[in-house]
Every structure is written in C-alpha cells, then in structure tokens.
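J.: 3D, please:
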Amino acid sequence: MRNRTRGVIAAVAVASAALAVEAAAPRGAKAVAPDLYIVSFTAEPATVLADGSHRIRLTARVGLRATTRTSTGPFKIAVAWRAVGLPDAFAARKEVHTFRLLQEAGIASLAYDPASRAILAPQVRTFEDTVPAGREREYRLTIDSMKQVAEGNEANNQATVRYRATGCPGTDLQLTRLRLQRRTDGDTRVDVWIKNRCSEPCETTIYYVIDESEAVPGGTTVERGIVPRLDGETEVGPVGATVADGIAGEDATYTVRIEPRGTGCRETNNFNNSCRATIRAGEAEKTVDCTAPGYVLFHD
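T.: Next up is the predicted model:
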C-alpha cells in the first residue's frame with residue numbers, strides 16, 4: 001500500500017511539471033533558447049572642448065527575443081574603440097588599428113513575459129569618450145561579452161559605429177569673398193560672402209563696414225547690417241549690396257570688415273574679418289577671394 005501511495009504522488013508531481021511547461025509556452029510552440037540582440041548603437045557629440053576635441057556619448061540599447069517566459073540573469077556589455085584613417089606615419093604601429101576596451105557595464109537581467117508577448121523593457125547603457133580634433137574612431141559594442149547567457153543566436157551580439165571630430169568650438173566669422181562692381185559715376189557696389197567656420201551659431205546682427213578713405217579724398221566709412229544670425233558651419237552670400245564712393249576714371253581701393261554687434265556671438269578669432277581689394281578704373285566687375293594670401297588683413 002505504501003509503494004502504491006508513493007507511485008501516485010510521483011505521478012502527480014510529473015503531471016504538475018507538465019502543466020507548468022504547457023502554461024509557460026503556447027500550445028504548438030517550440031521552445032527555443034532566448035536571443036539577446038542590439039536594438040541600436042549610436043554616437044553623438046556631447047560638447048566640443050577648447051582644443052577642438054569632441055566629448056561624445058555612446059548609447060547602447062539591448063533587447064531580448066524569446067518564445068517562453070524567461071530571464072537571462074546578469075550579463076555584461078563592453079565597448080571598445082580603434083583609430084581610423086591615421087596618417088601613414090602611424091600605419092606601421094599595428095596596435096593603433098586594434099580595438100581597445102573603453103568601458104564595460106553590467107545588466108542585472110532581461111526578461112520576457114509571454115502574457116504581453118514582448119520584452120518588458122530594453123536596457124540602455126551609455127558610455128563617454130573624447131575624440132581628438134580631426135580624428136575618427138570606430139566603436140564596437142559587444143553584448144554578453146563574458147558569455148554568461150546561453151543564447152539561441154550568438155551572431156547578432158556585435159555592432160559598430162564611427163565618429164569623426166570635425167569643426168571647431170565657439171564662433172569664427174570669416175569674410176570669404178568681395179564682389180566689386182563699378183558704376184558710371186565712379187562709385188562701387190560692394191557685396192560680401194561671410195562664413196561661420198565653427199560649430200556655435202552667431203545669434204546677433206552681423207554688420208559690414210566699408211572704409212572709403214583710399215578711394216576718395218576725405219572718404220569715411222559706410223556700414224550696414226547684413227544678416228541677423230549665422231548658424232555654425234554655414235556660409236551666406238552675396239549679401240550687402242551697399243554703394244561706396246569712388247571717382248570715375250580712377251582705381252578704387254576699399255577695406256571691408258565684418259563684425260557682430262550684440263551679446264549673442266562668442267567669436268573666438270577675429271583675425272580673418274577684414275579684406276582689402278582694388279578695382280581698376282577699366283574694370284566693370286571684380287570678385288576677390290579674401291582667403292587667398294595678400295587679401296586678408298590681420299588685426300586684433
């Protein structure tokens with residue numbers, strides 16, 4: 001009698017386990033091992049430092065696929081980096097082209113709930129790095145880097161992203177071109193092209209000032225507000241269309257400078273804000289590249 005009782009208890013236990021498995025998996029579904037995967041991996045600038053290097057933020061989002069209720073338990077993710085496109089002098093140093101560990105992060109667990117048939121929430125981890133000015137780096141994300149989770153697919157555990165540190169901090173206005181057009185009365189129409197070389201916008205009115213003193217005796221200055229704002233890394237022109245005094249039949253030399261007026265423009269360099277050009281008496285029109293040697297007037 002005792003042996004029969006034990007057999008009944010054992011049969012009930014087996015039946016209970018079978019019911020638990022059936023409750024966890026939909027009828028007809030074949031249970032497979034869970035699969036960790038990378039939802040996204042991005043690199044974005046956080047700030048540009050004074051030396052032109054970029055402080056960047058790397059964001060990793062990790063998800064889980066499964067067919068039954070499951071939990072991965074703890075695992076780690078890792079981000080490594082390597083230099084891209086270094087000068088030829090560095091090519092022989094193989095270590096600069098291999099990935100180096102930047103940082104690791106831990107994830108306590110990812111779970112799948114068959115009731116909602118969805119991962120409860122992707123896990124997000126962020127990392128930071130500083131990329132030197134003008135350089136490019138490639139970043140490699142590896143999830144489950146210590147092989148702590150038994151997965152059905154190990155082929156989707158890595159992703160890469162690249163970041164190049166271009167641009168410069170602050171605002172740097174540059175007078176890039178002048179167009180001079182002579183009129184029959186000797187006066188000259190002046191148009192300008194201006195550029196903001198750096199990343200921050202110039203959020204105030206930008207003026208240009210034309211010095212006429214070399215074109216006519218007793219000549220003064222003509223000034224005009226030309227644009228109310230100039231975004232970072234943007235060039236505009238021709239703008240201005242202001243007429244400066246001149247003398248018919250004689251050469252005319254003008255010095256033109258640009259300057260922001262107001263508090264919304266933190267210019268880090270004003271050495272390239274001026275340009276000096278001459279239009280001859282017989283020339284109807286002349287365009288000058290103010291970035292070429294001999295035209296830029298360097299001043300404090």
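J.: shaky segments in the protein?
T.: 1-32, 50, 86-97, 114-121, 294-300 (pLDDT under 70).
J.: Walk me through the domains of it.
T.: 32-164, 173-289 (automatic domain parsing).
J.: next one: the shortest one to chain centre, how far?
T.: When distances are taken as Cα atoms, centre = their mean, to the nearest Å, domain 173-289 is centred 32 Å away from the chain's centroid.
J.: if we can go back for a sec, winner for burial among the domains of the chain?
T.: domain 173-289 (a mean of 17; mean count of other Cβ atoms under 10 Å). Bear in mind the C-beta positions are built from the backbone N, C-alpha and C, glycine included.
J.: Test my guess that Ser100 contacts Ala80.
T.: Careful, residue 100 is Arg; it's not Ser. Yes. If you go by Cβ atoms under 8 Å, Arg100 and Ala80 touch, sitting 5.9 Å apart.
J.: how near is Lys286 to Val190?
T.: 11 Å (Cβ to Cβ, to the nearest Å).
J.: what do those two both touch?
T.: Arg179, Leu180 (Cβ atoms under 8 Å, 6 or more residues apart in numbering).
J.: Leaving out sequence neighbours, find the closest residue to Thr205.
T.: Leaving aside its chain neighbours, Thr205 sits nearest to Gly225 (4.7 Å; criterion: Cβ to Cβ, 6 or more residues apart in numbering).
J.: Remind me what whichever strand or helix holds that neighbour packs against, helices and strands.
T.: Secondary structure from DSSP states H and E places Gly225 in strand 221-227. Packing partners of strand 221-227 (3 or more Cβ pairs under 8 Å, 6 or more residues apart in numbering; DSSP states H and E): strand 188-196, strand 205-211, strand 234-244.
J.: Contacts only, for Arg257.
T.: Leu175, Tyr208, Val209, Asp211, Asn273, Ser274, Cys275, Leu297 are the contacts of Arg257 under Cβ under 8 Å, 6+ apart.
J.: now swap in Asn153 and tell me
T.: Counting by Cβ under 8 Å, 6+ apart, Asn153 has contacts Asp35, Tyr37.
J.: which residues does Val48 form a beta bridge with?
T.: Judged by DSSP bridges, the bridge partners of Val48 are His54.
J.: now it: how far from Asn196?
T.: Taken as Cβ to Cβ, the span from Val48 to Asn196 is 14 Å.
J.: With respect to Gly249, which of the contacts of Arg257 is nearest?
T.: Gly249 lies nearest to Asp211 out of those, by Cβ to Cβ, at 21.3 Å.
J.: which residues touch that closest one?
T.: Neighbours of Asp211 in contact, by Cβ under 8 Å, 6+ apart: Gly219, Thr221, Tyr254, Thr255, Val256, Arg257.
J.: Of these, which belong to strands?
T.: Thr221, Tyr254, Thr255, Val256, Arg257 (DSSP state E).
J.: Out of these, flag the one nearest to Arg137.
T.: Arg257 (39.1 Å).
J.: Quickly note the distance from the nearest residue to that closest one once chain neighbours are set aside to Ala83.
T.: Nearest in space to Arg257, with sequence neighbours left out and distances taken as Cβ to Cβ, 6+ apart, is Ser274 at 4.1 Å. Remark: distance between Ser274 and Ala83 (Cβ to Cβ) = 39 Å.
J.: Equivalent analysis for Pro74, please.
T.: Taken as Cβ to Cβ, the span from Pro74 to Ala83 is 32 Å.
J.: One more: Ile38?
T.: 23 Å.
J.: cool, and Gly282?
T.: 56 Å.
J.: Do a quick rundown of the helices in this protein.
T.: According to DSSP state H, the chain carries its helices in the segments 2-24.
J.: So which residues lie in contact with stretch 36-50, not counting its own?
T.: 54-65, 72, 75, 110, 122, 128, 130, 139, 141, 143-144, 149, 151, 153, 156-163, 167-169, 199.
J.: List the beta-bridge partners for the closest residue to Ile279 other than its chain neighbours.
T.: Computed as Cβ to Cβ, 6+ apart, the closest residue to Ile279 that is not its neighbour in sequence is Leu180, at 4.2 Å. Residues in a beta bridge with Leu180, per DSSP bridges, are Val190, Lys286.
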